[in-house]
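Novice: predicted coordinates and the sequence they were generated for:
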Amino acid sequence: MQTTSLRKGENTTLLTARTVLSVSVQGPAADVSALLLGPDGKVRADHDLVFYNHPAQDGVSIEGAAVTAELSRLPADVHRVVVVVSVDPLQPGTVFTRVPQLTITQSGGTTLSFTAPDFGSWETVVVLAELYRRGDGWKVRAVGQGYASGLAGLATDYGVDIDPEPAAALLPRQTRTTAAPAVDLTKVERQAPGLLAPVRQAGQALADRGITGRRAAVYLILDHDWHMEELYESFAVQAFAERVLALSANLDDDGTVPVIFSSGREPFLEEIRLDNYRGRIGQLHTQVDWGWGNVAGAMRRAVSHYQESGAADPAFIVTQVGDEPWDKAEVRSMLQNTASLGVFWLFVGFGRGKLAFYKNLNASASATFTNVAFYDASKNPGSVPGERFYTGLVDAFATWMRP
């Protein structure tokens, strides 16, 4: 069957027949709805909002993530049918960053698809498309317009009288386009509002890789070799730690990341939290002597802490490295010995040092480090856009996490 792709604002003619509009959402849990509109662009009555608690009206029905419109059955006073997708109201703070995809099918007709440009302004609801009368027939227009007002706000714009109490308007839940819960941003909004954007970016990266809702204990190891001094002073390491903390907010709801500084002496362990993250790395690293990176020692300290914590979830240990380790054999031994412990190691390289050892850990065809990956974050990870940064941070980890 031939498929025609529509661009935003484009329209095309439909057969006056059964039309199915199927929605695919990447990311947050979401609901699909439809509005039946009269010639004035408003609903005729409140029952013209078709959603999970009122799934059918005058030839338009909702089932899961699909709207079906029996165009030949629509009353003459229905001039338009608007297809809407809204984020789950039970997940406060959740927004769309990627526009849902739409596929339109008719028996005997051409299959149509539409994907609008991605969002970036905290949209919580999107009008994907509208079916509208043109003479004696019907056409469809690709809309892709996002709003930040939620389904209740949009419905009000179309004349629906929405009860302000969510329990009366939208509960109980019956269907949604994805079963995985989005991260609850309540704690982040209260304790660290400045991290909301990176928390959402990290959550989107996890959702794109199919592991939304999975849990892991996140650790951070930081190189405190002398060659890292400039990156500490320029707050590049602080910014990196904040991004890891934002990832942790999606994987571990305690809002805390143990931080281990790798130096020539006994590795120094502290923590960074949602309620103390501002300037935290600068406060901590001054308590650590400059030296050579004792990477294996820091790795042992992280594993010991993880085992002593009694955590049931796997550990995701983000290990920042700025140069080759002097203890290569010990590092390899640590990787081999932790493969069966539920520990995933991500070595993140940034700085001016040599990183060939870490880059080549899995370069050999005989490599056995299935729980190890390397991500080159460039000389300054702060210059890497959030979406690309989190893709590099979670890509291999997500593959390891999936059964």
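Specialist: Here it is on my side, so go on.

Novice: where does the chain have low pLDDT?
Specialist: Filtered on pLDDT under 70, the chain yields the residue ranges 1, 27, 88-95, 97, 118-122, 148-153, 162-184, 264, 364-368, 403.

Novice: any chance you could map the helices in it?
Specialist: In the chain, the segments counted as helices under DSSP state H are 150-157, 166-170, 186-191, 196-208, 229-233, 236-251, 280-285, 295-309, 328-337, 356-359, 386-401.

Novice: nearest to Val321 among those would be which one?
Specialist: Nearest to Val321 among those is helix 356-359 (5.8 Å), distances taken as C-beta to C-beta. Glycine gets a C-beta too; all of them are placed from N, C-alpha and C.

Novice: which strands or helices does that closest one pack on?
Specialist: strand 343-349, strand 372-376 (3 or more C-beta pairs under 8 Å, 6 or more residues apart in numbering; DSSP states H and E).

Novice: dump the last one to CSV, restricted to CA.
Specialist: In CSV, the C-alpha atoms belonging to strand 372-376 read as follows (Å, rounded to 0.1, in the frame of the first residue of the first chain):
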residue,chain,number,x,y,z
VAL,A,372,31.3,-1.6,29.8
ALA,A,373,31.0,1.3,27.3
PHE,A,374,32.9,4.5,26.5
TYR,A,375,31.5,7.9,25.6
ASP,A,376,33.7,10.7,24.3
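
Novice: now do that strand: which elements does it pack against?
Specialist: Counting contacts by 3+ C-beta pairs under 8 Å, 6+ apart, strand 372-376 packs against strand 343-349, helix 356-359, helix 386-401.

Novice: what comes up buried for the last one?
Specialist: To tie it back to what came earlier, the one meant is helix 386-401. Under the neighbour-count criterion of 16 or more other C-beta atoms under 10 Å, helix 386-401 has 386, 389-398, 400-401 buried.

Novice: gap between Gln26 and Lys8?
Specialist: According to C-beta to C-beta, to the nearest Å, Gln26 and Lys8 sit 18 Å apart.

Novice: coming back round to it: out of the helices and strands packed on strand 372-376, which gets nearest to Leu131?
Specialist: Comparing the helices and strands packed on strand 372-376 against Leu131 with C-beta to C-beta, the closest turns out to be helix 386-401 (33.2 Å).

Novice: circling back: show me which of Gln26 and Lys8 is the more surrounded one.
Specialist: Neighbour count, other C-beta atoms under 10 Å: between Gln26 and Lys8, Gln26 has more, with 17 against 14.

Novice: surely that one meets Asp208?
Specialist: Yes - contact criterion C-beta atoms under 8 Å: Gln26 and Asp208 qualify, at 6.2 Å.

Novice: and stretch 393-403, C-alpha only, in PDB?
Specialist: What follows is stretch 393-403, C-alpha atoms only, in PDB (Å, rounded to 0.1, in the frame of the first residue of the first chain):
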ATOM      1  CA  LEU A 393      25.300   8.600  28.200                       C
ATOM      2  CA  VAL A 394      22.400   6.100  28.100                       C
ATOM      3  CA  ASP A 395      22.700   4.300  24.800                       C
ATOM      4  CA  ALA A 396      24.800   1.300  25.700                       C
ATOM      5  CA  PHE A 397      23.400   1.200  29.300                       C
ATOM      6  CA  ALA A 398      19.900   0.800  27.800                       C
ATOM      7  CA  THR A 399      21.000  -2.000  25.600                       C
ATOM      8  CA  TRP A 400      22.500  -3.700  28.700                       C
ATOM      9  CA  MET A 401      19.400  -3.100  30.700                       C
ATOM     10  CA  ARG A 402      16.900  -4.600  28.200                       C
ATOM     11  CA  PRO A 403      16.300  -8.300  28.600                       C
END
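
Novice: can I have stretch 278-287 written out in PDB, keeping just the CAs?
Specialist: Written as PDB, here are the backbone C-alpha positions of stretch 278-287 (Å, rounded to 0.1, in the frame of the first residue of the first chain):
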ATOM      1  CA  ARG A 278      24.700  24.100  43.400                       C
ATOM      2  CA  GLY A 279      28.500  24.600  43.700                       C
ATOM      3  CA  ARG A 280      28.800  21.200  45.400                       C
ATOM      4  CA  ILE A 281      31.700  19.800  43.300                       C
ATOM      5  CA  GLY A 282      33.700  23.000  44.000                       C
ATOM      6  CA  GLN A 283      33.100  22.500  47.700                       C
ATOM      7  CA  LEU A 284      34.100  18.900  47.700                       C
ATOM      8  CA  HIS A 285      37.100  18.800  45.400                       C
ATOM      9  CA  THR A 286      39.100  21.300  47.500                       C
ATOM     10  CA  GLN A 287      39.200  18.600  50.200                       C
END
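
Novice: list of residues touching it?
Specialist: For stretch 278-287, contacts defined as C-beta atoms under 8 Å, 6 or more residues apart in numbering pick out 194, 222, 224, 232, 235, 237-238, 241, 259, 261, 268, 270, 272-273.

Novice: save the helices and strands packed on strand 372-376 as CSV, and put in distance to Arg190 too.
Specialist: Formatted as CSV, the helices and strands packed on strand 372-376 follow (distance: least, C-beta to C-beta, whole Å):
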stretch, distance to Arg190
strand 343-349, 29
helix 356-359, 37
helix 386-401, 22
